[in-house]
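A.B. asks: next comes the sequence, and after it the predicted model I'd like to discuss.
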Protein chains: 4
Amino acid sequence: MCRWIAYRGESIALENYVTAPKHSLIEQSQRALEAVASVNGDGFGLGWYGEHGEPGLYREVRPAWSDENLRHLCRHIRSHLFFGHVRAATGTPTTRPNCHPFAHGKWMFMHNGQIGDWALIRRKVEEMIPDAYYASRIGTTDSEAVFLALLGNGAEEDPVGATCAVLARLTELVRASGTSEPLRFTSALSDGRDLYAFRYVDRGSANTLYYREAGGSIVMASEPLDMERDYWKAVPAGHVLVARAGAAATLQPIRQPARIAAE
Amino acid sequence: MCRWIAYRGESIALENYVTAPKHSLIEQSQRALEAVASVNGDGFGLGWYGEHGEPGLYREVRPAWSDENLRHLCRHIRSHLFFGHVRAATGTPTTRPNCHPFAHGKWMFMHNGQIGDWALIRRKVEEMIPDAYYASRIGTTDSEAVFLALLGNGAEEDPVGATCAVLARLTELVRASGTSEPLRFTSALSDGRDLYAFRYVDRGSANTLYYREAGGSIVMASEPLDMERDYWKAVPAGHVLVARAGAAATLQPIRQPARIAAE
Amino acid sequence: MCRWIAYRGESIALENYVTAPKHSLIEQSQRALEAVASVNGDGFGLGWYGEHGEPGLYREVRPAWSDENLRHLCRHIRSHLFFGHVRAATGTPTTRPNCHPFAHGKWMFMHNGQIGDWALIRRKVEEMIPDAYYASRIGTTDSEAVFLALLGNGAEEDPVGATCAVLARLTELVRASGTSEPLRFTSALSDGRDLYAFRYVDRGSANTLYYREAGGSIVMASEPLDMERDYWKAVPAGHVLVARAGAAATLQPIRQPARIAAE
Amino acid sequence: MCRWIAYRGESIALENYVTAPKHSLIEQSQRALEAVASVNGDGFGLGWYGEHGEPGLYREVRPAWSDENLRHLCRHIRSHLFFGHVRAATGTPTTRPNCHPFAHGKWMFMHNGQIGDWALIRRKVEEMIPDAYYASRIGTTDSEAVFLALLGNGAEEDPVGATCAVLARLTELVRASGTSEPLRFTSALSDGRDLYAFRYVDRGSANTLYYREAGGSIVMASEPLDMERDYWKAVPAGHVLVARAGAAATLQPIRQPARIAAE
C-alpha cells in the first residue's frame, strides 16, 4: 500500500500538491485515510519533466515527512508533468532503487498495489522483461519489474494496449501461482507529454484513485488532496484515465484482462 | 513524544523486549496507544552495557520498523542493562546525534518529553552545561543538553538529587520564558549498575511510564509491552523509580521542583 | 578540508560545473589534488537561487560520487547563482545539518577551513551569534556558527566589512585559546545577487581558491575544474573576490584582521 | 574492488581487526594500498557468529570511516568467527542489500572481484540459483547471486567442490559472453565453524589475499593489517585456504575451472 499523486497541466511548483494542501501527499504519508496502512514511511520519490526528454528523479529511503530536501525541491522545482509517491513496503527492502517513480528513457511509472504473492511469480515476471530493458532493472520490486515488462511489451508505441496485455498476463500468472492474494494495480505512466492512470483489480477491491480537472490541468491522487470532495471524481475500477496534452481527460474501460487471460 | 524501554536484570538478548513482544518497542514505533503521536518514525536508538564500563550505542535516522540491522543486533546482543528508544521529533532535525540514548563515560540517558518552548530557553539550558561536559554535546536536542546538565550538576555522585535540582531549575526557566508549553520529563538514567527512571511534569499531564518486575529483573516502558496489564504498574507522576542492582525497585517522590523553584 | 565551487552569471544547469568537467566537484570529492585530504566523502550539498528570494538546498550525508539524486538534480536544475560543496569532516558528525551550504533568509554561505581548535573556542563563537539568529543554528559545525555570527554582525548590510570584523574577532579568539592550530577561512557568501569569496589565513598557508571569468560569468573553485590552467587565476591569500551582478569581479585586500585584533 | 577481512579462532572483540590495527579494515577503506580503487567508501558490512546458528549482520551505505555505530559494535561484539567488508561499487547501486557479507541460514559469504561484464551474464547467473534459494535474493549484486548459486550447487555439503564447480561454470559464461573483462573471485565462505577463502582469476591478475596464523587463530585480509609483513603469507592465485575449527589451515589448489570449462 502506498499513496501517490500525478499532475499534468500548466507548469507549477511541485509544492502545490506535494506539501501545501491540507491533505497533501506528505500529510498522506503520515495519516492516509483510505488505505490499510495509514503510515507510508518506507521511502518516497519525486519525478518531474523539465526541458530534457527524460525526467528528473529524487528518491530517498527516509520518510517524506522529515525530509528537509523534499521541501526545498518541491518549492524550487516547477514542472508541467510530475509524479510524487510515498511508500509502504510490502516485502522488498527500503532502498532508493526500490522507491517509486521509476524511469527509463523518457518514460516514467509508479504503482500502488500488489502483484499476488511476489515470491511465487517473481521469476516469471522478470522473464517478461526483454534483454534490452533488463539492464535497467536496478532494484528488486514487483513494480519496477512490471514497468520494464510494460516497456518491453510495446508501451512506448501503445501504452494502453501494452498495459492491458501485461495485466492479462499478470492476472493469469497470479491465478496459476496458487495464491489467494489479489492482483491490485493502481498506476501512473507517462512519456512527459501524455499521462495515463490505471485502476485495476483481480480479486477484492481496487486501490482508490481520484482526479480533479480544471482549466486544462489535471491532478490525480490516491486520496483527494483537500476537503472539496465535490471536485474530486473517482476513477472506476477496471478503467484507465487518459490525460493527453491539449485535450480533456477521458475514461476508458481496460480491455478485460481476465477475459483475455481466459481465452 | 517518543516511546522507550529500559531493562535491568539477568543478561538477556535485547530482542526479548525490543522486537518480540506483542506490543514491543518496534510495534510502538508504528502504533503507539498512549501518546499524542502514534507514529515514532524519526529515528531510534539502542544502548547497552556489556563488559566495558561505557555502553555501546546503535542509533539510526531511519524508522525502527524497517531497519534490518536492528533485528540482527537485538537478536545477537545480550545485556544485563539496556535502553531502547523510538523518536517522534519535536523540532530538532532527524540526525544520529539527535537520537536517544545519549552516553558520556559510563552514563547513559534517554528522554520522552518536552522542555517548554526550546527556542526560548535553549541558550540558558546550554549554559547549565559546564565546560568539562560541553565537548560531549554533539547534537542539538533539548534532551542531550539536559543530560549533560545533569552530569554537570552532580549526577555522577547523586543521580536523584542532581536530577531534582536540574528539574527545579528547568521548571523555573520554562515558567520565566513566557511560554504556555509544559515541561514534561519522563527519562531513564544509568551508570551500568543502577537504573533510575523519572516521571515529572510541570503543567498538564505527565507522559506515561510503566514497569514490570519479576525474579530480580525489571523492565520499564512508556507503554506496557504485552496484554497482561495486571503485571504492569504505573509510575506515579512526580516520582522516580530506583532499580539498584541486587535490590527491589523503590518509588520515591521527586523533591518538589516547583516548590524549590518558588523558594 | 573540503572542496567547493560557486557560480554567478547566465542561468545554466548545475551539471556544467558540478558533474561534467574533467576535474569537476564530484571528481574532486574522490581525488582532490591540492588538499591534505584527497577524499571528501563526508557528505555534500548544493544550494541555488531560482525565482524565490531564498535559495534551495540539497544536502546529503552520503558521498557525492555515489548519489544518484545529485546527478538528476544537477541535470535538471538551472540557476544564475549556485554553490556546491563536498565535505571532509574535521570533527563534527556527518549529518545533513552539518553539510554546507547553509542558508538563512536570502543569504547562503559555505566554508573550507578550520577555526583553530573548535573545542576551545566553540562557546565564544556561539556567543557571537545574536538571539535573532540563534534559532537558525540547527547543526553543530564551526562553519554554521561563523555564518550566523557574520549575519549577526551586519553582513546583510555590509558583507565585506562584517566578515573582516568577524575574522578579526576569530583571529583574536584562536590566538587567545592557546592552540597552535591555524585559522583558515576560504568561504563564499551570497544574497542571490552578489557573490563574495574570501581567502584568509592566520598562521600557515591559506586553503586554495581559484576563479575563471568569461562573458559576464564567473566560477570560483577550490581547484581548477579543467586542465586549462591559464584561464584560472588564484585569489591571493588575505583577499576577497567580489562578483557583483552586472560588473567585472574585483579583488580587495581583507582589512588586516590580525592588525585589528592587535589594536 | 573492495577490501575484506575474515577471522576464526578464540572469541575476540571485532575491533581487534576492524578498527584497531595500523592498517585496519577502516584504514583500508580510505587508503587501500594494493587495489585499483584506493577508496572503498560505497558502504560496508560486518557479519559475526555468536550463540545462534545464523550470523548477525550490520550493513550500512555510508562509508565505514565515519560510522559511529561501527566503532561501538566493533568494541562491544565478540565472536570466534567474523567477516568485515568495505565496498567500492562496480556498477550496482549503493544499498544495504548490496553490501557484503551476505547470509543465508548459517552460511555467510563475501566477495572482492568481478564476474566479467555483469550486464552480459546476469540472467544466466541468476538461472544458476534454484528456486529454493531465489527468495533470498534481496539485492542486485553479482556477488549475492554467486553466493546463492554456490548454495544451490551443493556448497552446504561440499563447500570447496561446489565452489570449484560454480567457478568452472562462471568461467565458461564469462568467456562465452564476448567480454574481455576478467573473472576475479577472492571470497570468503563459512558455516560458522569452518572458514574457506578462495583466490581465483581467469584472465589477468588475481585480487590480493593474505593470512596470518598464530596459536590456533587465523586472520585473512585483502591487505596485511600491520607492518609485520613477515608474518603475513599470500594465498597463491588458484588456491583455496581452508581453516577448519581445531586444525591448522591448509592450502589446496582449486581444481582447474578453466580446464573443467574446456571439457
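C.D. replies: Looks like it arrived, so ask away.

A.B. asks: burial of the residue in the stretch 151-263 of chain A that chain D sits nearest to, as a residue count?
C.D. replies: Evaluated by CB to the nearest CB, the stretch 151-263 of chain A has A:Ser177 as its residue closest to chain D, separated by 12.4 Å. (C-beta placed from N, C-alpha, C; glycine too.) Residue crowding around A:Ser177 was assessed by other CB atoms under 10 Å in any protein chain shown; the count is 16.

A.B. asks: pLDDT of stretch A:60-80, averaged?
C.D. replies: With pLDDT averaged residue by residue, stretch A:60-80 scores 97.

A.B. asks: my bad, stretch A:88-97
C.D. replies: For stretch A:88-97, mean pLDDT is 92.

A.B. asks: sorry, back to before: how near is the nearest residue to the residue of the stretch 151-263 of chain A closest to chain D once chain neighbours are set aside to A:Thr179?
C.D. replies: Leaving aside its chain neighbours, A:Ser177 sits nearest to A:Leu120 (4.1 Å; criterion: CB to CB, 6 or more residues apart in numbering or on different chains). As judged by CB to CB, to the nearest Å, A:Leu120 and A:Thr179 stand 6 Å apart.

A.B. asks: next: A:Glu126.
C.D. replies: Between A:Glu126 and A:Thr179 the computed distance is 17 Å (CB to CB).

A.B. asks: which residue is the nearest non-sequential neighbour of the closest residue to chain D within the stretch 1-150 of chain A?
C.D. replies: Distances from the stretch 1-150 of chain A to chain D, computed as CB to the nearest CB, single out A:Thr95 as the nearest residue at 3.8 Å. Leaving aside its chain neighbours, A:Thr95 sits nearest to D:Thr95 (3.8 Å; criterion: CB to CB, 6+ apart).

A.B. asks: list the contacts of that neighbour.
C.D. replies: Going by CB atoms under 8 Å, 6 or more residues apart in numbering or on different chains, D:Thr95 touches A:93, A:95-97, D:43, D:61, D:139-140.

A.B. asks: strand partners (parallel or antiparallel) of the strand ranked longest in chain A?
C.D. replies: Longest strand in chain A by number of residues (criterion: DSSP state E): strand A:2-13. Looking at strand A:2-13 with DSSP bridges, its partner strands are strand A:78-87 (antiparallel), strand A:217-221 (antiparallel).

A.B. asks: which of the ones you listed sits most buried?
C.D. replies: strand A:78-87 (a mean of 26; mean count of other CB atoms under 10 Å in any protein chain shown).

A.B. asks: now it - C-alpha only, PDB.
C.D. replies: Output of strand A:78-87 as PDB, limited to C-alpha atoms (Å, rounded to 0.1, in the frame of the first residue of the first chain):
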ATOM      1  CA  ARG A  78       8.500  23.600 -11.500                       C
ATOM      2  CA  SER A  79       7.100  21.200 -14.000                       C
ATOM      3  CA  HIS A  80       4.200  20.600 -16.300                       C
ATOM      4  CA  LEU A  81       4.100  16.900 -15.500                       C
ATOM      5  CA  PHE A  82       5.300  15.300 -12.300                       C
ATOM      6  CA  PHE A  83       4.800  12.300 -10.000                       C
ATOM      7  CA  GLY A  84       5.100  12.000  -6.200                       C
ATOM      8  CA  HIS A  85       5.000   8.800  -4.300                       C
ATOM      9  CA  VAL A  86       5.200   7.700  -0.600                       C
ATOM     10  CA  ARG A  87       5.800   4.100   0.100                       C
END
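
A.B. asks: which SSE is immediately downstream of it?
C.D. replies: Note on strand A:78-87: by DSSP states H and E, the next helix or strand toward the C-terminus is strand A:102-104.

A.B. asks: measure the residue nearest to A:Thr95 to A:Ile138 for me?
C.D. replies: If you measure D:Thr95 against A:Ile138 using CB to CB, the figure is 9 Å.

A.B. asks: also A:Phe44?
C.D. replies: 17 Å.

A.B. asks: those two: who's more crowded?
C.D. replies: Comparing A:Phe44 with A:Ile138 by other CB under 10 Å, the one with more neighbours is A:Phe44, at 29 against 18.

A.B. asks: which stretches of the stretch 1-150 of chain A form helices?
C.D. replies: For the stretch 1-150 of chain A, helices defined by DSSP state H, counting those that start in this stretch occupy the ranges A:15-18, A:25-31, A:68-76, A:118-127, A:131-134, A:142-152.

A.B. asks: let me have those helices in TSV, extended by mean neighbour count.
C.D. replies: Below are the helices of the stretch 1-150 of chain A laid out as TSV (neighbours: other CB atoms under 10 Å in any protein chain shown):
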stretch	mean neighbour count
helix A:15-18	21
helix A:25-31	23
helix A:68-76	22
helix A:118-127	18
helix A:131-134	14
helix A:142-152	24
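
A.B. asks: can stretch A:145-158 be said to contact chain D?
C.D. replies: No. Stretch A:145-158 is not in contact with chain D by CB under 8 Å from any CB of the partner chain; minimum separation 11.9 Å.

A.B. asks: what sits up against that stretch?
C.D. replies: Contacts to stretch A:145-158, defined as CB under 8 Å, 6+ apart, come from residues A:102, A:104, A:107, A:109, A:111, A:115, A:122, A:125-126, A:128-130, A:132-134, A:136-137, A:159, A:161-163, A:165-166, A:170, A:185, A:189, A:191.

A.B. asks: which of the residues you listed count as buried?
C.D. replies: Neighbour-count burial (16 or more other CB atoms under 10 Å in any protein chain shown) applied to those gives A:102, A:104, A:107, A:109, A:111, A:115, A:122, A:125-126, A:128-129, A:133-134, A:136-137, A:159, A:162-163, A:165-166, A:170, A:185, A:189, A:191.

A.B. asks: need the contact list for the nearest residue to A:Ala245 once chain neighbours are set aside.
C.D. replies: Excluding its sequence neighbours, the residue lying closest to A:Ala245 (CB to CB, 6+ apart) is A:Arg193, at 5.1 Å. Contacts of A:Arg193 were listed using CB under 8 Å, 6+ apart, and they are A:81, A:244-245.
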